[in-house]
Structures are given as structure tokens and as C-alpha cells.
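S.K.: sequence first, then the predicted structure, then my questions.
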Amino acid sequence: MSRELPANLLSLHSGEESLRTKSIEAIQACDDLSRHAAFIERCMDIIDILCRAYDTKDATELIVQHLGARMFNTTASALKLLLSGYYQASALLQRDMLETIFLLDYFTTDAALIQRWHALPPRERWKEFKPAVVRTALDDRDGFTKRRRQEAYDLLTELAGHPAPQGFVMLHPKGMEAHLGPFVDPTAPLGAGQECLAGGRPYQPALRRRRAGSVPGEDRLHGGPARLDAALLRRRQRHSSAH
């Protein structure tokens, strides 16, 4: 015999959908937030093109595609939580996104790292590829001394990754006490959605190669180079209009 969900859970979902509508209205009314939303969509489109519409049987490329699928799903989930008023829960997923971004960026240093990461036993993989090791390697590679990657990761950790007093600010609508359940604060999405914007960063080397003339294997894209070009054109047009 089928059972209905408890009434309180249905009521909570109804409230979330109502807040989602209000969040979208707030975004549409703000030029900055509208551009944020447009950029998130562009990044997700590029991930979709390079992960779902790209034919490959190469084991290394498949690993990267799987991480891309994870990135796409996490971005969509973080955005859904953000629009529904769960800012702290969204920030938790954004920390996961940031960690994945750093890992994919690290793989661009040496493609052999991809198979090594995939093949190592869990304990050894953690030792060699834990977030702190990856962040430090990227900063050393790029000549960064201020450790801004760590600052960004630590901020999301304090706000949402672990129970911490600093995270209580994510529970407060502007000018109010801590709130149980979702809420809408028009000032919150801009700050809470920053890492959603980073979804396309791991694929920037491919995008730079495309702007230079070609991406290796682009002939294996369904709807192919034209679809990738269209996505890149939208990104360039957005960037031009912002300046």
C-alpha cells in the first residue's frame, strides 16, 4: 500500500518553491545577480558539451568526464539550494566544487596524475592528493605566495563545511535572528553563489586552445565545433558587455 509523504514535508517543499520564485524575481531585478546567473548557465553548458557530447573511449578522458559530471550535478544542486533559501547548505556544496576545480586544474600540470589519482588505494590517494597538497602544488606552480586558494577553501569550510561559530551568519536573514528553515535574503545570493561561478574554470585550458584555433578531438563532439563555438561566443559577448 502506497503512503503519502507526511504533510509537514509537503508543506516545507511548497514553501521552498515559493522562496525559489522570490529568489528568481530578486535575481531578475538585479543586474549583477542576473549576470551571475547567466555565467553559471554558460559554465554548465560548456561542461555539458565537453562531458556529454564528447565521444571518447580513452580511460583518462573518461575520468575527467566523470569529474565533469560531478561538477555539473554539484553546481545544479548548489544553485537549487541557494534559490530555495538554504544558503549554508549551498555553500557546503560549493566547497566541494572548489576542491574539484583545484583537482582538475592540478591534472593539467601533468596528465599522468589523472591515472595515478584513479589507481592509488584510498589511503595513498589521500596522502598524495588531499586538498592541502593540491592547493600548495598549484600555488607553487603559479608562483602564488599569498595562498588565496587556501583562504577561499577555509572560508567555505568555516561558513558551511564544519560546525563552527562563523557559520551562524549563514542562518541569519539580514537584520534578523537565526532562522530555522529556508529564507530569502536578496543580499545573500551574490556572496553565497561565488563558487557556482567557478564551474567552468577547469576547462579553461581547452577554451584557450579553442580560441587559438582548435581543441584536440573536437571532431568527436556531437553537434560539434559549432556547438562549442556558440557557447564560447556567448561567453565572449557577456564579457564584452560587462566592460
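M.R.: Cool, the structure landed.
S.K.: roughly how far apart are Gly175 and Gly85?
M.R.: As for Gly175, its distance to Gly85 is 16 Å (criterion: C-beta to C-beta, to the nearest Å). (Each C-beta comes from the backbone N, C-alpha and C, glycine too.)
S.K.: comparing these two, which residue is more hemmed in?
M.R.: Gly85 (24 against 6; other C-beta atoms under 10 Å).
S.K.: pLDDT score for the more buried one?
M.R.: If you check Gly85, the pLDDT there is 92.
S.K.: is it true that it touches Pro173?
M.R.: No: Gly85 is beyond contact range of Pro173, at 9.0 Å (criterion: C-beta atoms under 8 Å).
S.K.: shared neighbours of those two, anything?
M.R.: Contact criterion C-beta atoms under 8 Å, 6 or more residues apart in numbering; residues shared by Gly85 and Pro173: Phe183, Val184.
S.K.: quick one, longest helix in the chain?
M.R.: The helix that spans the most residues within the chain, counting by DSSP state H, is helix 59-83.
S.K.: in that helix, what's buried?
M.R.: Neighbour-count burial for helix 59-83, counted by 16 or more other C-beta atoms under 10 Å, picks out 61, 64-65, 67-68, 71-72, 74-75, 78-79, 81-83.
S.K.: now do stretch 128-147
M.R.: Going by neighbour count (16+ other C-beta under 10 Å), the buried part of stretch 128-147 is Phe129, Pro131, Val134, Arg135, Ala137, Leu138, Asp139.
S.K.: which of these are the two that sit furthest away from each other?
M.R.: Maximum pairwise distance among these (C-beta to C-beta): 15.4 Å, between Phe129 and Asp139.
S.K.: report the secondary structure state of Leu180.
M.R.: Taken by DSSP: H, G, I helix; E, B strand; the rest coil, the conformation at Leu180 corresponds to coil.
S.K.: tell me which other helices or strands the longest helix of the chain touches.
M.R.: helix 7-28, helix 31-52, helix 87-107, helix 112-119, helix 188-192 (3 or more C-beta pairs under 8 Å, 6 or more residues apart in numbering; DSSP states H and E).
S.K.: in CSV, list these along with distance to Ala160 and mean neighbour count.
M.R.: As requested, the helices and strands packed on helix 59-83 are exported to CSV (distance: least, C-beta to C-beta, whole Å; neighbours: other C-beta atoms under 10 Å):
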stretch, distance to Ala160, mean neighbour count
helix 7-28, 18, 13
helix 31-52, 18, 18
helix 87-107, 4, 21
helix 112-119, 25, 14
helix 188-192, 9, 19
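S.K.: output the lowest mean pLDDT helix or strand found in the chain.
M.R.: Least confident element among the helices and strands of the chain, by mean pLDDT, DSSP states H and E: helix 204-212 (a mean of 42).
S.K.: just checking, Ala69 touches Leu50?
M.R.: No: the pair Ala69 / Leu50 is not scored as a contact, 10.6 Å apart, by C-beta under 8 Å.
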